[in-house]
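A.B. asks: here is a sequence with its predicted model. Questions after.
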Amino acid sequence: MPPQDDKSEQQGPKDYTCLMSGDPQKTFYLETFGCQMNVHDSEKVIGTLVQQGYRQVETVEQAGLILYNTCSIRDKAEQKVFHRLADYKKLQAQGKRFGVLGCVAQQEGEKIFERAPHVSLVCGSASYRKLPEILAQLESVATNAASFRSAALSAAGLRANIGGVIPSEAAFQEERGISRGAEPAPAEIVRDSQLVRITGLDDRQTDECFETEFTARSNPHRGYITIIEGCDKFCAYCVVPFTRGKERSRTSDSVLAEARQMADLGYTEIQLLGQNVNSYKDPAGKRSFAELLAAVGEVPGIRRVRFTTSHPRDFGRDIVEAIDAVFTLCDHVHLPVQTGSTRLLDAMQRLYTREQYLERIAWIKAARRHISITTDVIVGFPGETEADLAETLSLLEEVGYDGVFSFKYSPRPNTPAVAFEDAIPDQEKARRLEVLMTKQKEIQIARCQKYIGTVCEVMVEGHNSARGQWVGRTSQNKTLNFKAPHGLVPALGSYVPVLVTGSFPNSLAGELVV
Ligand code: SAM
Ligand code: SF4
């Protein structure tokens, strides 16, 4: 893994979105679907493209290269990209190139070329560090598709195909020591000298992270830093280990160098990212996750540090101790539980019980600071009974979550749960979701009311002119909309005290303290 060198430290990341390429053909449009990790991956992809002489444009019509950074965590998310590709297929006649990046790219591989033959590039996130080479290939192939057939790309670990074979999911599973049944038949690849097909799909076993000094962060005050990529946990329902590859961490020195660069550029809030951010293992063995968290919090200029997502199994007391000890670490932990039933946790292969989860919640609640707690829940997992659902509802009550992201279980390719019996019909999943959300709404109303009369420091994130309100965010990650006295204009990115005067299920309302 390349450490960030001195040069990059002095220069720091720049706002690459404003750089202009001299070549009007080298324009790109990028749309991102899915989680914060995808959003941040896109920031790095944009930075890389701009560094390669491309210019970002606002619309598909203006772009020479159209990219979709995709999500396949649930079926709905996956379908979005195919709708987009169908919508804009006709633009291929104007010579535009299409690329699919991210989780759908990795999951579907070269099958995407069959379903959407106008796509030229399919690249999973584990291959992003090869993007400069991939882009160079795309450009050279675009100008000479016929001579490309014999291009020797394998040395770079890339495959450029006018004809090829789907990377075998079964082979990947075998490599990772898991058996997932029959391998899908190799796809029939269209042979057409007009079609350009480049793949970056073969890197899921890499130990390297996508580190770049070219990150096009769009917000000048708060920014993401990925500290760990991939996942080795293989929950029974989840595609992430298949799409993002093996778990790998950056060195803590490299993370800290990036945090210092961001602070030098004026960022005051940093959010550390990972599918399981607290499974972090410093390859250099210098710092634990909690130590890294504390060290980022101590970087001069940084006022807030967030981290997501934490896996309950790897959640140690030391994280709570770090939050208590380092003032800049935010009062918020996102700890997905998925279900309150130990029986179902076992079926999901979550590797903890309800009791173990609640033990971690007890640590968080015992902190000196008031730490808000949010979670993810899946309803309608195969075999979920009314009793299981009741256990989830009682867990919501027992923990008293400040927020819950709840999802209907979506069967995903390659995962063990797809073959489980006792599937729950979609209508019933929808009913259970409704029950869960109604319960959680009651809990949130009560929790938000407790803030009334208190003063919270917020970072000013925006202004809602229709309502005449400023939008702020508290350390507990609550949205706090507030009014300021006439003529007083709080600067975006500044930190101001706000008296909470009202509450809603998902937000607070208040007045600037002057
Ligand atoms: N690594 C985190 C963890 O284990 O808690 C979660 C990351 S996952 C990308 C985000 C959330 O998506 C999960 O917590 C889960 O609730 C949801 N999710 C994942 N697979 C799903 C599926 N097949 N159907 C419905 N929701 C799913
Ligand atoms: Fe998916 Fe489980 Fe890994 Fe989270 S821990 S990313 S839910 S496999």
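C.D. replies: Received the coordinates, thanks. Ligands and ions are numbered 1, 2, ... in the order given.

A.B. asks: now the strands for the stretch 251-400 of the chain?
C.D. replies: Along the stretch 251-400 of the chain, the stretches classed as strands by DSSP state E, counting those that start in this stretch are 269-273, 304-308, 332-334, 372-379.

A.B. asks: closest one to ligand 2 among the ones you listed?
C.D. replies: Distance to ligand 2, taken as CB to the nearest ligand atom, is lowest for strand 372-379 among those, at 8.2 Å. For glycine as for every other residue, the C-beta is placed from the backbone atoms N, C-alpha and C.

A.B. asks: which secondary structure elements does the closest one contact?
C.D. replies: Applying 3 or more CB pairs under 8 Å, 6 or more residues apart in numbering; DSSP states H and E, one finds that strand 372-379 makes contact with strand 332-334, helix 386-399, strand 403-408, helix 426-449.

A.B. asks: how about those in CSV, adding mean neighbour count and distance to ligand 2?
C.D. replies: What follows is the helices and strands packed on strand 372-379, written out as CSV (neighbours: other CB atoms under 10 Å; distance: least, CB to the nearest ligand atom, whole Å):
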stretch, mean neighbour count, distance to ligand 2
strand 332-334, 23, 12
helix 386-399, 17, 16
strand 403-408, 18, 11
helix 426-449, 16, 18
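
A.B. asks: what's the closest of these to Ile371?
C.D. replies: Ranking those by proximity to Ile371 (CB to CB) places strand 332-334 first, at 5.8 Å.

A.B. asks: the closest one packs against which elements?
C.D. replies: With contacts defined as 3+ CB pairs under 8 Å, 6+ apart, strand 332-334 has these neighbours: strand 372-379.

A.B. asks: wait, does the strand it packs on contact ligand 2?
C.D. replies: No - figure legend: strand 372-379 not in contact with ligand 2 (CB under 6 Å from any ligand atom); closest approach 8.2 Å.

A.B. asks: report the angle between that strand and helix 426-449.
C.D. replies: What separates the directions of strand 372-379 and helix 426-449 is an angle of 170 degrees, with axes from the mean of the first three to the mean of the last three CA atoms, to 10 degrees.

A.B. asks: how about strand 372-379, does it reach ligand 1?
C.D. replies: Yes - under the criterion of CB under 6 Å from any ligand atom, ligand 1 is reached by strand 372-379 at Asp376, Ile378.

A.B. asks: who touches that strand?
C.D. replies: With CB atoms under 8 Å, 6 or more residues apart in numbering as the test, strand 372-379 has contacts from 237, 309, 331-339, 348, 361, 364, 389, 392, 396, 399-409, 429, 432-433, 436, 476-478.

A.B. asks: one step back: could you dump the strands of the stretch 251-400 of the chain into JSON lines with mean pLDDT added?
C.D. replies: Listed next are the strands of the stretch 251-400 of the chain as JSON lines, based on pLDDT from 0 to 100:
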{"stretch": "strand 269-273", "mean pLDDT": "98"}
{"stretch": "strand 304-308", "mean pLDDT": "98"}
{"stretch": "strand 332-334", "mean pLDDT": "98"}
{"stretch": "strand 372-379", "mean pLDDT": "98"}
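
A.B. asks: any idea which of the ones you listed gets closest to Tyr495?
C.D. replies: Across the strands of the stretch 251-400 of the chain, the minimum distance to Tyr495, taken as CB to CB, is reached by strand 304-308, at 8.5 Å.

A.B. asks: what's in contact with the closest one?
C.D. replies: By CB under 8 Å, 6+ apart, the list of residues contacting strand 304-308 from outside reads 36, 222, 268-273, 277-278, 293, 296-297, 326, 328-330, 332, 334, 459, 475, 477.

A.B. asks: returning to what we had before: need the strands of the stretch 251-400 of the chain in a markdown table (columns: distance to Thr206).
C.D. replies: Supplementary listing: the strands of the stretch 251-400 of the chain in a markdown table, determined by distance: least, CB to CB, whole Å:
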| stretch | distance to Thr206 |
| --- | --- |
| strand 269-273 | 18 |
| strand 304-308 | 23 |
| strand 332-334 | 27 |
| strand 372-379 | 27 |
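
A.B. asks: which bits of this protein sit near ligand 2?
C.D. replies: Cys231, Lys233, Phe234, Cys235, Cys238, Val240, Pro241, Gln275, Asn276, His311.

A.B. asks: just the residues you listed that are near ligand 1?
C.D. replies: Counting by CB under 6 Å from any ligand atom, Cys238, Val240, Gln275, Asn276, His311 from the residues of the chain next to ligand 2 sit close to ligand 1.

A.B. asks: which element is the nearest residue to the third one once chain neighbours are set aside on?
C.D. replies: To tie it back to what came earlier, the one meant is Gln275. The spatial neighbour of Gln275 that comes closest, neighbours along the chain excluded (CB to CB, 6 or more residues apart in numbering), is Cys231 at 4.4 Å. Element membership of Cys231 [criterion: DSSP states H and E] is none; it lies in no helix or strand.

A.B. asks: for Glu457, which three-state class applies?
C.D. replies: Using DSSP: H, G, I helix; E, B strand; the rest coil, the structure places Glu457 in strand.

A.B. asks: in contact with it, which residues?
C.D. replies: Glu457 sits in contact with Thr474, Ser475, Tyr495, Val496, Pro497, Val498, where contact means CB under 8 Å, 6+ apart.

A.B. asks: for Glu461, see how far away the closest residue to Arg369 other than its chain neighbours is.
C.D. replies: The shortest distance from Arg369 to any residue that is not its chain neighbour, by CB to CB, 6+ apart, is 5.2 Å, and that residue is Asp331. In this structure, Asp331 lies at 17 Å from Glu461, with CB to CB, to the nearest Å as the measure.

A.B. asks: quick one: low-confidence residue ranges for the stretch 101-250 of the chain.
C.D. replies: Counting by pLDDT under 70, the stretch 101-250 of the chain shows low-confidence ranges at 142-194.

A.B. asks: let's see 50
C.D. replies: Along the stretch 101-250 of the chain, the model assigns pLDDT under 50 to residues 145-172, 175, 177-193.

A.B. asks: show me where it has strands.
C.D. replies: 119-123, 159-160, 198-200, 222-226, 228-229, 248-249.

A.B. asks: can you put the ones you listed in CSV and add distance to Gln79 and mean neighbour count?
C.D. replies: Below are the strands of the stretch 101-250 of the chain laid out as CSV (distance: least, CB to CB, whole Å; neighbours: other CB atoms under 10 Å):
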stretch, distance to Gln79, mean neighbour count
strand 119-123, 16, 26
strand 159-160, 26, 22
strand 198-200, 21, 26
strand 222-226, 26, 22
strand 228-229, 25, 24
strand 248-249, 30, 22
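
A.B. asks: nearest to ligand 1, out of those?
C.D. replies: Checking the strands of the stretch 101-250 of the chain against ligand 1 by CB to the nearest ligand atom gives strand 228-229 as the closest, at 10.5 Å.

A.B. asks: and the helices and strands packed on strand 372-379: which comes nearest Cys209?
C.D. replies: Put simply, out of the helices and strands packed on strand 372-379 the one that sits nearest Cys209 is strand 332-334, at 21.5 Å, with distance taken as CB to CB.
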